[in-house]
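S.K.: okay, predicted coordinates and the sequence, questions at the end:
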Amino acid sequence: MPPNARLKMMAYGHKTEYRLRVRAQVVLHAARGRSNARIARQTGLHLDTVRRWRNRFAEHGHVGLSDRPRAGRPPIFTALQRAEAKALACR
């Protein structure tokens, strides 16, 4: 499958998550030679957002369009403690 075909499926697929659909549309607009400012106007995104998704796609390809892992707070309870609590609740 050609790369543009995969992007088109992401950009216009009805089962694609909205955020992935918008990111794929940004890349397709860029492939047509449109400027970041024009893409931002057409999609309603901020100019920096358009830059971010174009750069991530250029560096990582299709994988770059997905979300990066988030840092978040470390778990408070161990896996064993969670299992014990579930067992206690199911009694």
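M.R.: That came through fine.
S.K.: separation between A58 and R70?
M.R.: For A58, the distance to R70 equals 23 Å [C-beta to C-beta, to the nearest Å]. In this view, the C-beta of every residue, glycine as well, is placed from N, C-alpha and C.
S.K.: more neighbours, those two?
M.R.: A direct count of neighbours by other C-beta atoms under 10 Å for A58 and R70 places A58 higher, at 11 against 5.
S.K.: give me the residue at the spatial middle of the protein.
M.R.: S66 (3.1 Å; C-alpha atoms, centre = their mean).
S.K.: correct me, but that one touches L20?
M.R.: Yes: between S66 and L20 there is a contact under C-beta atoms under 8 Å: 7.1 Å.
S.K.: can you give the contact residues for the helix or strand bottoming out on mean pLDDT in the chain?
M.R.: Using mean pLDDT, DSSP states H and E, the weakest-scoring helix or strand in the chain turns out to be helix 3-12, at a mean of 83. Outside helix 3-12, the residues that touch it by C-beta atoms under 8 Å, 6 or more residues apart in numbering are 16, 20-21, 23-25, 27-28, 31, 61-62, 65.
S.K.: so what does the helix or strand containing A30 touch, helix or strand wise?
M.R.: Using DSSP states H and E, A30 sits in helix 18-31. Applying 3 or more C-beta pairs under 8 Å, 6 or more residues apart in numbering; DSSP states H and E, we find helix 18-31 packed against helix 3-12, helix 36-43, helix 47-60.
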